[in-house]
Structures are given as C-alpha cells and as structure tokens.
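*Asks:* Based on what follows, work out the 3D shape:
(one chain, ligands or ions: 1)
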Amino acid sequence: MTAAPTAEPVVDPHPGAEAQEVAAALRAAGLEVRDDDGTRAMYATDASLYRIPPLVVVRPRHVDEVAATLEVARATGVPLTSRGAGTSVAGNAVGRGIVVDFSRHLGRVLEVDPEARTATVEPGAVHATLQKAAAPHGVRFGPDPSTHPRCTVGGMIGNNACGSRSLAYGRTSDNVAGLAMLTASGEQVETGYAADGTPWVRGGEQLVADLRSVMGRHLATARTELDTFGRQVSGYAAQHLLPERFDLTKALVGSEGTLGVLTRATVRLVADAPVRVVVVLGFDDIVAAGAAAPAVVEHGPTSCEGLDSRLLSVLRERRGEGAVPPLPRGAAWLFVELAGDDAAEVRDRAERLAAAGIGVDSAVVPDPAVQARLWRIREDGAGMAGRSPAHRPAWPGWEDAAVPPARLGEYLADFDALVTSYGMTSAPFGHFGDGCMHVRLDYPLDRPDGTSVLREFLVSAAQLVGRYGGSLSGEHGDGRARSELLPHMYSADAIALFAGVKHAFDPANLLNPGVLVDPDPVDADVRVAGVGPVRRLGRTPLAFAYPHDDGDLAQAVHRCTGVGKCRADNSAAGGVMCPSWLATREEKDSTRGRSRVLQDVVRGALSVRDPEVHDSLDLCLSCKGCASDCPTGIDVATYKSEVLHQTYRRRLRPRSHYSLGWLPRWARAVGRVPGAAAVANTSLRLPVLGRVGKAAAGVDHRRSVPAFASRPFRSWPAPPAGGTPGAGTPVVLFADSFSGAFDPEAAAAVVRVLRDAGYEPLLPATQRCCGLTWITTGQLDAAKRILGATVADLARPARDGVPIVGIEPSCTGVLRSDALELFTGTDLEDDARVVAGATTTLAELLSRTEGWEPPDLTGTEVVAQPHCHHHAVMGWDTDAALLARTGADVRRLAGCCGLAGNFGVEVGHYEVSVAVAEQQLLPALDAAPHAVVLADGFSCRTQVADLRDRPSVHLAQLLDAGARWSSREGR
Ligand SMILES: Cc1cc2nc3c(=O)[nH]c(=O)nc-3n(C[C@H](O)[C@H](O)[C@H](O)COP(=O)(O)OP(=O)(O)OC[C@H]3O[C@@H](n4cnc5c(N)ncnc54)[C@H](O)[C@@H]3O)c2cc1C
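*Replies:* Reported below is the predicted structural model:
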C-alpha cells in the first residue's frame, strides 16, 4: 500500500538476521522481548524530531535482567539505549539496537527515609509516583520538569532535568545522593556521599584511574570552559571529575545513557514551602521580558518563566478564549512565583515585586486555582507550540538553548531576527530567570531541501549561542539534535576531553552511540523528512477532511510530537486522556503509541490493515480525550474511524459493526412494530438465547443489553412529554436514536425543562440520527449519508436562528464537531457549519436564558460523570457552573466511565472497560452510596447500571425533579 503520493514510501530495511539473532539471544536469557513492527514503530522515536526503529525492545523485570541484556549487547556487538518515559526532546532516548524500557517494570519507589530526606528508587520510577510516596512525609523531589506527571527519575538523571522551579531547587544533579549502575563491561559501580559530604565510589577502580588520567590531560579546559553558568547543560559535566572535587555521582548525571546503565538511584528530598504567590509582570515584547529577568531574580523567586502573545494565540485558538486567565497589560509576560512559610511575608514580597516598576503592568495572583491555570499554560507550552504562529507544523531541534541570564534580552532579539531571516515563525517561552529559552520552529521539512535548511539553521543558531557564551542545550541534553554542533560551543580540547571520558566508560561505544561523542549528523534520521501529504490510503480517499491539517493525514498524525502527556493520570486537572493507557500501562495503548504506529502507516512502513495497527487501536475507547487534553491537538478517535473505514470498506466487518454499529437502525425497526420491543427485551434476557444473541452480535456475555422502550419517544402522544406546550421560543430538540429508543424519559425531561424555561421544543419532521455508531465503527460512507441528511434537515431551522438542543452528549458532539470534520470541502460544508454553530447543550442554552433560574438543590449530593465527548468537544464547565447555582453538592469526576459507546460492550473489551471505570467512577460511586448519579451519556448510565446496579439521571431529570420538588416544598 502506498501512503504518500508526493514522495516514495519511506520503508525501513527489514531488520533481518541480526535482529533475529539478538532477539533469540535475549529470549534465551529469559527476557521480556518485543520485536514486532508495531513495537519497533512505537519506540522508534521519543519527543524529538528523530526516528530510529530499534532492532528489539527489552522490558527488564529486575536488575539481573538489565545485566543479562547488557551481556547480550556485548556478545552480539549490538548497541543498547536506555529509556524511561521517552520524553526526551533531542533524540536522547532512541537507538538502532536494543532499547531497554525501564518504565514498564522497574518503577518502584524502594524506600523513603524522612529523617535523611532521601528516597531510593528504581530507574523507571515516575516522578509523580515518587512525589506521591514522599508527600505523606511533607517532602518532595525538588526538580520538576514540565513532564513531571510521566517522566522517570532515570530519565531525569539521564538528562539532568530540571524545571520551572530550578531557581529554588536546582537541577537533578543537585538532588542526587547516590547511584548504582552497570558499566558497558557489566561491572557494578556504586556512588554516593559520606556523612561529611565527601563523594565515594564503590567498584570501578580501573575506571576511576582512567578518568583521573583523562582529566589530567585537560585540566585547564575543564576549569575554564565548563560550568560557566547555571544552565550549561551541553557536553559532559566533566568539571565534577577534576581532582579537587572528584564526584562521580554528579558527573554521571546528564550523561544521557552514554556512560552506564542506571539500576538504582537515591535522591534528596526537600520540604515544600506551604505558601505560594504568583506575580505576573507584563512587557511590551519578549525581548523586554528577557532583559528584565535578572532584576526579577533579585527578588528571590522560586520560578521566573517567560512567554509572549504568540504562544497565547495558539492556546486561545486551540482551547478558546477562556483558556487564558486575565493577564496584566502587555504582549509578553513573566510568571514569577514567590514562596515561603509565612503568608503575610510572601504576600508582602509579591506586592513589592509587583510595584517595583518592572515592565508595563503587573498583577498579584494569590489564588491557587488561577496559579494552576497559569502553570498549565507553561507546562503545555511545548506541546502547544507544535503548531507555529503561521499555523504550520513546528518541530523541536533547537528548543532549549540558554545564555548567561544577563544576556537573555539581547539573545532573544538576535534569535528572533535569525528565525525571521529563514522565513520561519516561532512562539518562544521558557525559564527566563535561568537564561533558558524554549522554542519550536516551523522548519520547511516538507520541502525536498527541508533537512538542509534544518542543518543550516541549527549551525547558525549554534554559532549565535556560541557568540553569547551560552549552551546549545540549557535543559534537555544534546541527544542527536545538538551533539554534532558541540564544536561551535566548545574548543577542540574540550571535545577531546568528552571523548576521553566516554572512552574510559565505554570503549566499544555500546551505550547510546551517536549521542554526545562521535555524534550522528543532526539532519540524519529526521522523522518527517520525505513524508509527503497523505490524502488517500491506497486507492481509497480519506473519509475525514482533516480541516486543521490541510486535509493531510500525515500532518494530522504527526501532530503527536511525543510529549507523552497521555502516559500520565490527567484526572487531577479534570482530564480524560488516555483511559486505555491508565488501564494497561502499555505504550501501545497510549495516544502516543497509536500515533507512532499511524505515523508508520502514513510513511508506508506499515499497511493500514496490518495487525499491529489494529492491535494498537483496538483498546482506543474513541473517547476523544486526546483531542482536548493533549496539547498537540491529536485526535486518535478520528484516526481510528478512518483506519476502520479504510480497512473494512466494502469488506466483511467484525460482527459488532453490524450489531452495535447499526444499533439505531435496529432500534428504529423494533420501534416500528408494535410489541417488538417486548419480544426483543424478553428474548435477549433468556439465558441461552441471550448468550447466543450476544455472541452473534460480538457483545461480551457479561454485558446487559439495554432494554428497548415500550414506546419510542417520537410515538409518545402529543404533547410528547408533558409540561405546558404553548407559545414559547422555538428550539429544535435533537432527539437522538439512543434517547428515542432506549431512554425516552430523559428526552421527556428535557422537554419539560425547556418548556419551563420558556421554550417550545420542536422535533424534526423525520426521525434523524447523527450516525455516531457508524462513525465509531468506521462505516464512514454510511455515516456521511445518515449525518448528511440530518445536517441538511437541521440547517433550515438553524439558518432561521433556531437553536438545536442535544440530549445525548456524544450526538451533540457529532453535530458540533464531527460533521465539520466529515463535510468540510463538500457541498454540505455550509450546512454543517451552520448546524455546528446552532447546536447547544441543555446547560449552555439554560445558562444564557434570561430569567431562568435553576431549582434549589441545596443538600442534594451529586456524583457527576461528564461524558467524554462532552468534555472534549463542548466542555463541561457550563454544566458545572449551572449546577453550582443549584446549590447541590457536586463531585465532578474526571476520566472516562469506560463504556464509551460500543467499546465496552464489544467482546474483548470488558476487562479494560471495567479497569477504566475503576479509576474514577466506581470508587466515587462506592464512596457516595446515597448520592444522585448524574450522567448525561446513555453509555455512562449503562455502565453505572451494569457495574453497580444503580440508577443515574440526565441533567434534565435532575433539574426537572428539582423543580417539581422545589415547587412542592414551596421554595
Ligand atoms: C513537553 C515537554 C516538556 C519538557 N519539559 C522539560 C523541563 O521542564 N525540564 C527538563 O529538564 N526537561 C524537560 N523535558 C525533557 C524530558 O521530559 C525530561 O528531560 C525528562 O526528565 C526525561 O525523562 P524520561 O523518563 O522521559 O527519559 P527518557 O527520555 O526516556 O530518557 C532520557 C535520557 O536518560 C537516559 N536514561 C533513561 N533511563 C536510563 C537508565 N536507567 N540508565 C541510563 N540512562 C537512562 C536515556 O538514554 C536518555 O538519554 C520536556 C519534554 C517535553 C516533551
């Protein structure tokens, strides 16, 4: 299958005999080995611009298995690259040979010692897991990179990571108390510090002697060229090997897996200041913000972060105006955090900073909720900057250079000019207090000369930083993006020193070759080079229009730059992404893993019908969590539909596509025949028939089959739902197939609430369906026919200004979003646009209805499960605000309920569906046995009934019951 019409498919040479030999040797050693094409695609890249498929991936279960893997690497001469969460931005965690994934099994926090304020961890321990273990003792690990919810301690040590609070907590190297590692030769070396702080080394006698000898040859260079300012991250930290301070622990941190394989780490913990106040300072431009940073740092902040309006524009486009809290006047800002023990003292310092006349305007932000929104902007910055201000894909490569902070302003001005001279655009941001700037650039990688432009730019940028006495990397390490450029920053003698250090540790260049010493070219193995636009797969044109990606599937799937936010529990921020990863903790079940596999599809390395592709998509719930929660704007639900469409178009499909995918059709047929609902309901509940029926329909036997309503909503006598019909303001009620056939009570409640609010709900003349089940099962020709007729029908009242009120959130979401994805560029585009604009949720309509007051629900305990599509497409904040007005005590759940339409019902998905429910929904239900369960989604209500045999209601039912209750009570 050819994917790219404008370029030859970029198919990798088959790994061949070498891979088989290595895999066989690793398997013989009893290791957990993956060498299928899907896994190789997933581990071929990190969060960088590079793509290097490994021969094989090993996931060690204990330290002995790490040693065994190294032994195979040595015996076969195949290089080994260690990997944590794979969020490196410079290609630090990809390699051609064996990739060792520490994050899968070696992620335990072994010990927290509150007295010594240390913790000992396995290298794959996620930073957030460490924080969770340390929190009960009132301590934390200080460095907090933006990827803290998913990055591993091993990876942080590999990159010497730090974060926006490095002004207070320093870098990882300042917070490590000891390491255990294996050298390339398999020797165990341990490092640490005596009680008086003197560094010690156990094992590695020859290594230490060799290192001392290397240092002896480069003393002057090590003393003058290294460690010149805080963010000099590029190269090895060989200054720590100088005779006067020989400290192997610190020297190893930041060596990017090139010197040894870490098997255990002891880190220092710090007590967190309980009070934090943020001061936001506004500036005319980013140069002024950069120039002001040193003056701000004199106020002793824990954090001083800069950004400008370019990044905020991208954010507003992606997440709406409300995504950015009000900021002081200006076009660039510094977010400055002050922390301490005494609230009044911290507040006083904040006021003084705000009044210090730095910048053009200022605001003090004491509210932790607003602070969290500000930090989210910063943390999602790199992901959001994946689209440039010119709306082109933007890439890492030159993304974290630093200069001495006093020179940051000048550097920013020169850097902007350099970017412009290349016809590129950028949205810079970063740790301005440390002189470190992050940026993504829209290199023209789609052009045949794209990688040459990349190289030319990187060299120019390196020369610029060299002139400023800066560091090519100020945070993320050199990886493949910067190692070749080190001579623009360092003298030949410093480069020779680095080579000497590497040789002492790893003479055969077995560990992460191509990085730091003897580097690969910066323009080799570029992930998107040669991947042309993809507007069809094989002979089948794409079904979706991909309006945000120029109709190009390659651009769409390459939105995933690997930031890995899908490998975190995003529920604390109310997020949904990625339920299947949370359930299985497998890369293949993450948004990123799926995107990587799809990236191989668009480059032609995998076929859309390959089992690896379907395996990676199988557990995608199509919840659309990624579409809203991933800062890159990836939308795997849409791509999954496309893949299913491309795979099964005019072919025999899985059974559930005919049963669940056609459910609205079956429901309509049942509704037409009097008595058919009762027969169907009874038969499907008979043990044998029910089981056979479910098996034939591809439905898991543990699932209940929702009962058909004895009378579908549309055939209710007029007025269909009670209330007072009359001369209210007309609205169209989109009574979807689920509400109509299975839960007419919810639809009736919507009618009553609308009438009480002064509306007259009208039903479209014909029963219409949005085609959701056809969309999720990838029957996109049928979906377009069904949805097309609906959109054409609804466009007439919509053009007359009549709002369309949805009942079922996923169907409302189809009208608001999928219709545009499907019909942009077709005759129906205008209709789809007008319908999307007119479609509203009940809460949205009521919230803007003058004079409408919600019922008083004070004292009512509510557990609310927002539907995933509601969260992703419409957002649930309006519902939350409306519920707050009722006075109800609402616990808003994050995450997915786990059923997600057809997903949780299908054979093979039950366990994951339940595991997803166990994350948020089920514990919340169990903790509140008497609460009203609010779930607008029919599938969420089904999940609650199936797993806890508990009733749940639609918002309309809650408001309707509340209104009746309030009036009865005379309130
Ligand atoms: C959106 C985004 C924001 C980021 N923000 C920051 C930031 O604020 N600050 C920051 O410092 N970084 C940041 N990074 C970079 C990266 O997330 C961090 O450096 C992180 O600590 C890497 O951890 P990881 O588990 O993903 O490591 P990986 O990427 O898997 O590995 C990192 C390095 O460590 C090596 N390594 C991993 N495990 C071992 C081991 N057991 N033994 C030997 N070597 C090992 C790898 O070979 C590699 O060279 C960001 C990245 C992204 C995508």
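
*Asks:* okay, CA-based contacts and neighbour counts for the rest of this
*Replies:* OK.

*Asks:* Take stretch 362-371, keep the C-alpha atoms, and write them as PDB.
*Replies:* In PDB, the C-alpha atoms belonging to stretch 362-371 read as follows (Å, rounded to 0.1, in the frame of the first residue of the first chain):
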ATOM      1  CA  SER A 362       1.600  43.700  36.900                       C
ATOM      2  CA  ALA A 363      -0.800  41.500  38.800                       C
ATOM      3  CA  VAL A 364      -0.500  39.600  42.000                       C
ATOM      4  CA  VAL A 365      -2.200  36.100  41.800                       C
ATOM      5  CA  PRO A 366      -2.700  34.600  45.300                       C
ATOM      6  CA  ASP A 367      -5.500  32.200  44.200                       C
ATOM      7  CA  PRO A 368      -4.000  28.600  43.800                       C
ATOM      8  CA  ALA A 369      -6.700  27.800  41.200                       C
ATOM      9  CA  VAL A 370      -5.600  30.700  38.900                       C
ATOM     10  CA  GLN A 371      -2.000  29.900  39.600                       C
END
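
*Asks:* now it, how far from the chain's geometric center?
*Replies:* With Cα atoms, centre = their mean, to the nearest Å as the basis, stretch 362-371 stands 25 Å off its chain's centre.

*Asks:* where exactly do the strands run in the stretch 601-750 of the chain?
*Replies:* Assignment of strands within the stretch 601-750 of the chain using DSSP state E, counting those that start in this stretch yields the ranges 729-734.

*Asks:* State which one residue of it is found closest to the ligand.
*Replies:* Nearest residue of the stretch 601-750 of the chain to the ligand: residue 631, at 8.7 Å (Cα to the nearest ligand atom).

*Asks:* tell me the pLDDT at that residue?
*Replies:* We have a pLDDT of 87 for residue 631.

*Asks:* any idea how far it lies from residue 393?
*Replies:* 13 Å (Cα to Cα, to the nearest Å).

*Asks:* Counting neighbours around each, name which of the two comes out higher.
*Replies:* residue 631 (25 against 22; other Cα atoms under 10 Å).

*Asks:* I'd like the distance between the more buried one and residue 319.
*Replies:* Distance from residue 631 to residue 319, by Cα to Cα: 9 Å.

*Asks:* Then residue 563?
*Replies:* From residue 563 to residue 319 the distance is 18 Å (Cα to Cα).

*Asks:* If you count surrounding residues, which of these two has more?
*Replies:* Using other Cα under 10 Å as the criterion, residue 563 and residue 319 rank with residue 563 on top: 26 against 16.

*Asks:* in what helix or strand does residue 207 lie?
*Replies:* helix 205-217 (DSSP states H and E).

*Asks:* list the buried ones in that helix?
*Replies:* 207, 208, 210, 211, 212, 214, 215 (16 or more other Cα atoms under 10 Å).

*Asks:* Report all helices and strands that that helix contacts.
*Replies:* In terms of contacts (3 or more Cα pairs under 8 Å, 6 or more residues apart in numbering; DSSP states H and E), helix 205-217 is packed against helix 492-505.

*Asks:* what is the residue nearest to residue 188 when sequence neighbours are not counted paired to in the beta sheet?
*Replies:* Excluding the flanking residues, the one nearest residue 188 by Cα to Cα, 6 or more residues apart in numbering is residue 182, at 4.7 Å. Beta-bridge partners recorded for residue 182 (DSSP bridges): residue 188, residue 261.

*Asks:* separation between residue 182 and residue 264?
*Replies:* 10 Å.

*Asks:* Which one of the two is surrounded by more residues?
*Replies:* Neighbour count, other Cα under 10 Å: between residue 182 and residue 264, residue 264 has more, with 24 against 21.

*Asks:* Now residue 116: phi and psi?
*Replies:* Here is the backbone geometry of residue 116 (degrees, to the nearest 10): phi -80, psi -10.

*Asks:* Which positions within stretch 231-249 qualify as buried?
*Replies:* 231-242, 246-249.

*Asks:* Could you list which of these belong to helices?
*Replies:* Cross-referencing the buried residues of stretch 231-249 against helices under DSSP state H gives 248, 249.

*Asks:* Could you pull out the helices in the stretch 601-750 of the chain for me?
*Replies:* Along the stretch 601-750 of the chain, counting by DSSP state H, counting those that start in this stretch, helices occupy 611-618, 625-629, 636-648, 655-659, 663-672, 676-685, 687-697, 737-742, 744-756.

*Asks:* need those helices in TSV with mean neighbour count and distance to the ligand, can you?
*Replies:* Below are these laid out as TSV (neighbours: other Cα atoms under 10 Å; distance: least, Cα to the nearest ligand atom, whole Å):
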stretch	mean neighbour count	distance to the ligand
helix 611-618	20	21
helix 625-629	25	13
helix 636-648	22	19
helix 655-659	19	37
helix 663-672	18	41
helix 676-685	16	49
helix 687-697	16	42
helix 737-742	24	39
helix 744-756	24	42
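
*Asks:* Which of the ones you listed comes out lowest on mean pLDDT?
*Replies:* Of all the helices of the stretch 601-750 of the chain, helix 676-685 has the smallest average pLDDT, which comes to a mean of 80.

*Asks:* Check what contacts that one and list those residues.
*Replies:* Under the criterion Cα atoms under 8 Å, 6 or more residues apart in numbering, residues 670, 671, 689, 690, 691, 693, 705, 707, 708, 709, 710 lie in contact with helix 676-685.

*Asks:* which among those gets closest to residue 352?
*Replies:* residue 705 (64.4 Å; Cα to Cα).

*Asks:* tally of neighbours for the closest one?
*Replies:* Around residue 705 there are 17 residues (other Cα under 10 Å).

*Asks:* Could you do residue 82 as well?
*Replies:* For residue 82, the neighbour count with other Cα under 10 Å is 28.

*Asks:* where does the residue nearest to it when sequence neighbours are not counted land in three-state SS?
*Replies:* Nearest in space to residue 82, with sequence neighbours left out and distances taken as Cα to Cα, 6+ apart, is residue 100 at 4.9 Å. Here residue 100 is recorded as strand under DSSP: H, G, I helix; E, B strand; the rest coil.

*Asks:* I'd guessed residue 100 sits against residue 55; true?
*Replies:* No: between residue 100 and residue 55 there is no contact under Cα atoms under 8 Å: 11.2 Å.

*Asks:* Contact residues of the stretch 501-650 of the chain facing the ligand?
*Replies:* residue 563 (Cα under 6 Å from any ligand atom).

*Asks:* closest point of the stretch 501-650 of the chain to the ligand, which residue?
*Replies:* Going by Cα to the nearest ligand atom, the ligand is nearest to residue 563 of the stretch 501-650 of the chain, at 3.7 Å.

*Asks:* Quick one: low-confidence residue ranges for the chain.
*Replies:* 1-15, 381-383, 717-726, 964-971 (pLDDT under 70).

*Asks:* Spell out which residues of it are next to the ligand.
*Replies:* 47, 81-89, 92-93, 123, 145-147, 151-152, 154-156, 158-159, 161-163, 256-257, 260-263, 382-383, 475-476, 563.

*Asks:* and if we set it to 5 Å?
*Replies:* Within the chain, the positions adjacent to the ligand are 82-88, 92-93, 123, 145-147, 151-152, 154-156, 158-159, 161-163, 256-257, 261-262, 382, 475-476, 563 by Cα under 5 Å from any ligand atom.

*Asks:* List the contacts of residue 85.
*Replies:* Residue 85 makes contact with 101, 103, 124, 150, 151, 152, 155, 564 under the criterion Cα under 8 Å, 6+ apart.

*Asks:* Grab the longest helix from this structure for me.
*Replies:* Every helix in the chain considered (DSSP H), the longest is helix 780-799.

*Asks:* and the next element down the chain from that one?
*Replies:* strand 804-806.
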